[in-house]
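> have a look at this prediction, sequence included:
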Amino acid sequence: MKNITGQMELIKKKAIILKALSHPIRLCIVKGLIQEEGCNVTTMQGCLDIPQSTLSQHLIKLKDLGILKGVRDGLNINYYVVNDDAKRIIETLFY
């Protein structure tokens, strides 16, 4: 436990990612996007069977935390997992 206080900033950043992924819908979104990169809201909504507004709120949170990135493709925005920590967490939990 020596020098753990010197790592508190890193620990706080990792805890934020864990907290974001602790919600079942967000965990499902990230897991699904790792399996099938580049999904848009319509595709995700059909898989998750949740209202579009609820999905959008979760996507905004994941984007704001730097876990997801949205790339515009015409009228659609396709989402990708860009955070390596989030990818490793999903791999550890499910693969």
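Everything's here; your move.
> so which elements touch the worst-scoring helix or strand of the chain on mean pLDDT?
Ranking every helix and strand in the chain by mean pLDDT, DSSP states H and E puts helix 41-48 at the bottom, with a mean of 91. Helix 41-48 sits against helix 24-35, helix 52-64, strand 76-81, with contacts defined as 3 or more CB pairs under 8 Å, 6 or more residues apart in numbering; DSSP states H and E. Yep, even glycine has a C-beta here, placed from its N, CA and C like the rest.
> what does it contact?
Helix 41-48 has contacts (CB atoms under 8 Å, 6 or more residues apart in numbering) with Ile25, Cys28, Ile29, Gly32, Pro51, Gln52, Leu55, Ser56, Leu59, Asn76, Ile77, Tyr79.
> nearest to Tyr95, out of the helices and strands packed on helix 41-48?
Counting by CB to CB, Tyr95 lies closest to helix 24-35 out of the helices and strands packed on helix 41-48; the figure is 9.3 Å.
> so the closest one versus helix 41-48, what angle?
Angle of helix 24-35 versus helix 41-48, following axes from the mean of the first three to the mean of the last three CA atoms, to 10 degrees, is 120 degrees.
> residue contacts, Val82?
Residues near Val82 by CB under 8 Å, 6+ apart: Gly66, Ile67, Leu68, Lys69.
> let me fix that: Leu59
Taking CB under 8 Å, 6+ apart as the criterion, Leu59 is in contact with Ile29, Val41, Leu68, Gly70, Tyr79.
> before we move on, back to that, just the C-alphas of the least confident helix or strand of the chain, formatted as CSV.
Once non-C-alpha atoms are left out, helix 41-48 reads as follows in CSV (Å, rounded to 0.1, in the frame of the first residue of the first chain):
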residue,chain,number,x,y,z
VAL,A,41,-28.7,4.5,-32.7
THR,A,42,-31.4,2.8,-34.7
THR,A,43,-29.5,-0.5,-34.8
MET,A,44,-28.7,-0.3,-31.1
GLN,A,45,-32.2,0.6,-30.1
GLY,A,46,-33.6,-2.4,-31.9
CYS,A,47,-31.1,-4.7,-30.1
LEU,A,48,-31.6,-3.2,-26.7
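> right, I'll call it a day here.
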